[in-house]
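*Asks:* Coordinates only, no sequence provided:
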C-alpha cells in the first residue's frame, strides 16, 4: 500500500458518475484521467497546471484515452480555480504538491499559491464534497510548503470541514503525506 493506492480508493468513493471534479495540479494527467473515467460521459473534470508541458501532457493523455470531451485542462495557477467554477458545485478536488514528475525540479508548488488554492477549493466544494491533498516534500521545496499547509489546516472551520492527515510511520525518508478533507452535509 502506498499514497497512490490510498488516493485511488478515495477518488472512487468521492468522484460520482456525472460529477464535477477538479485536478488542481494536472502534472502528467494521471489523476485527471482517473477522475474523467470515474465521472464518465455525463461528468466534467477541470485540471490546472502552470507549466505548458504539463498541460500538453495531460491533454495528450486524455485524447489518447478518449477522455478529451470530459476533461478540460487550463494553463493557470490552481490559486485561480474559483474563476472557473461556481461555489458549492464540485464533488472532489485533488492536489499533488511538489514538482512535475520527469520535469524541471526548480519549478514546484509554493505555500502562498497552495493555501489560496485550498481556500478557494473549500468554497467550491458542495455539501458532502471532498478534497485530497498529497504532499510530496523534500528537494528544493523542502518542508516549507508541508509545514505551512499543516498549520493552515488547523485553522479550517471544524464545524464545516473534517481534515484528516495520514502518514506512513514505518517508512523512511520524505514519504508523501495524504490529507483528506470532507465538507459536512
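*Replies:* Noted; the coordinates are in hand. Here the structure is a predicted model, which is why all the values come from computation and not from measurement.
*Asks:* residue ranges with poor pLDDT in the chain?
*Replies:* Across the chain, the ranges flagged by pLDDT under 70 are 4, 99-109, 139-142.
*Asks:* just checking, what's the longest strand in it?
*Replies:* If you go by DSSP state E, the chain has its longest strand at strand 125-135.
*Asks:* Name the strands paired with that one and say parallel or antiparallel.
*Replies:* Its sheet considered, strand 125-135 pairs with strand 90-97 (parallel), strand 177-183 (antiparallel) by DSSP bridges.
*Asks:* Among the ones you listed, show me which one is buried the most.
*Replies:* Of all those, strand 90-97 carries the top mean neighbour count, a mean of 25, counting by mean count of other CB atoms under 10 Å. Glycine gets a C-beta too; all of them are placed from N, C-alpha and C.
*Asks:* How far off centre is that one?
*Replies:* On the basis of CA atoms, centre = their mean, to the nearest Å, strand 90-97 sits 3 Å off its chain's mean C-alpha point.
*Asks:* Also stretch 92-100?
*Replies:* With CA atoms, centre = their mean, you get 4 Å for stretch 92-100.
*Asks:* now residue 152, what's its secondary structure?
*Replies:* What DSSP: H, G, I helix; E, B strand; the rest coil gives for residue 152 is helix.
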